[in-house]
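>>> dropping a prediction and its sequence here:
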Amino acid sequence: MRISSWWLVVAFVFGSLDITAWGDELPVISLWTGQAPGETDDLGPEVAQPNKAGEIPPVTRLTNISQPTLTVMVPQKERNGTAVVICPGGGFNILAWNKEGLEVAEWFNSIGVAAFVLKYRSPTSKREIPWLAPAQDAQRAIRIVRSRAAEWDLKPDRIGLLGFSAGGSTAANAAIKSETRLYDAIDDTDQLSCRPDFVALIYPAYLVNKQGQLKPDLVVTKQTPPMFLAHAFDDGITCENSVQLFLALKKAGVASDLHLYSTGGHGFGLRPSEHAASTWPKRCEDWLNGLYR
């Protein structure tokens, strides 16, 4: 996993990589047989919202997702047995599908990591517990990848979870509550552990209360997976989300990385910019190397 691959991200942004050209050809796995847990409403067809004027590169925003899926992106060579399930952000209203999903998976593939982009249920922002359905989807996704690890030449004890913004809330809740059954088992796959072996949270949202303290239902213990956290100080979604979670991890004795950057704002994904925050992928690669050297 020690391949220097930052150039791939630069190449994408400046036009020599075009992941969207082959995205529709990737294998897609349905998470659930029939309706997802607790779903009764018909959202209608899935929708890709119009691109925003002047947005370069454009961001594909998906919504009306009632049938969650995993898009499979497994590197064809230099595979190291590690896998990650990616949860794009979008305020529990949309999913930033390419910017915080497919592009990120492409980068992970470049360092030998298999990636599975989770299209979790959305919108859920107006539900009593916005993170619950997405976290159910994330836990099911971890179990599916673990159950098929041999098929993709993966190590079942090296399966992680990554999330951006609301996807960070999804990943954090799914991981911290992995000892809790968030949905009723439907098959043998659900007998497997849904605890990710590592977690990366990039500008995670909705983890702290109005007082800036970690929400009381996020109970970190020594069984919580090690985490990598990256956030910008000037993010409108306060960096206290990452700081307070890191402090809880420290108190529980869970060795983790926290990277705070003075500028970068929110939603930077892994696209290069003038801000140091855009260097988080290399820091994350170094962290993974430390976990699995």
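Ah, there it is. Numbers count the residues shown, from 1 in each chain.

>>> stretch 197-208: end-to-end distance?
23 Å (CA to CA, to the nearest Å).

>>> Leu207 against Thr238, yeah?
No. The criterion here is CB atoms under 8 Å, and Leu207 misses it with Thr238 at 9.6 Å. C-beta here means a position set from N, CA and C on the backbone, and glycine is covered the same way.

>>> the more surrounded of those two?
Ranked by neighbour count (other CB atoms under 10 Å), Leu207 and Thr238 place Leu207 first, with 25 against 16.

>>> could you measure from the residue nearest to the more buried one when sequence neighbours are not counted over to Ser278?
Spatial nearest neighbour of Leu207, excluding adjacent residues (CB to CB, 6 or more residues apart in numbering): Asn241 at 4.3 Å. For Asn241, the distance to Ser278 (CB to CB, to the nearest Å) stands at 19 Å.

>>> helix, strand, or coil at the closest residue to Tyr203 other than its chain neighbours?
Closest residue to Tyr203 apart from its sequence neighbours, by CB to CB, 6+ apart: His231 at 5.2 Å. Three-state assignment for His231 (DSSP: H, G, I helix; E, B strand; the rest coil): strand.

>>> circling back to that earlier point, the residue nearest to Leu207 sits in which helix or strand?
helix 240-252 (DSSP states H and E).

>>> pull out the buried positions in that helix.
Glu240, Asn241, Ser242, Val243, Gln244, Leu245, Phe246, Ala248, Leu249 (16 or more other CB atoms under 10 Å).

>>> so what's the fourth one up against?
It refers to Val243. His231, Leu258, Leu260 (CB atoms under 8 Å, 6 or more residues apart in numbering).

>>> measure the closest residue to the second one other than its chain neighbours to Ala255 for me?
Translated: Leu258. Once flanking residues are discounted, Leu258 sits nearest to Phe246: 4.2 Å by CB to CB, 6+ apart. Counting by CB to CB, the gap from Phe246 to Ala255 is 11 Å.

>>> and the contacts of stretch 140-149?
In contact with stretch 140-149 (CB under 8 Å, 6+ apart) are residues 29, 31-32, 68, 70, 83, 85, 116, 118, 152, 154-156, 159, 161, 174, 178, 183, 188-190, 192-196.

>>> what ranges do the strands span in the stretch 151-293 of the chain?
Secondary structure of the stretch 151-293 of the chain (DSSP state E, counting those that start in this stretch): strands at 159-164, 199-202, 227-232, 257-261.

>>> typo on my end, the stretch 1-150 of the chain
Under DSSP E, counting those that start in this stretch, the stretch 1-150 of the chain gives strands at 28-30, 47-49, 61-63, 69-73, 83-87, 95-96, 114-119.
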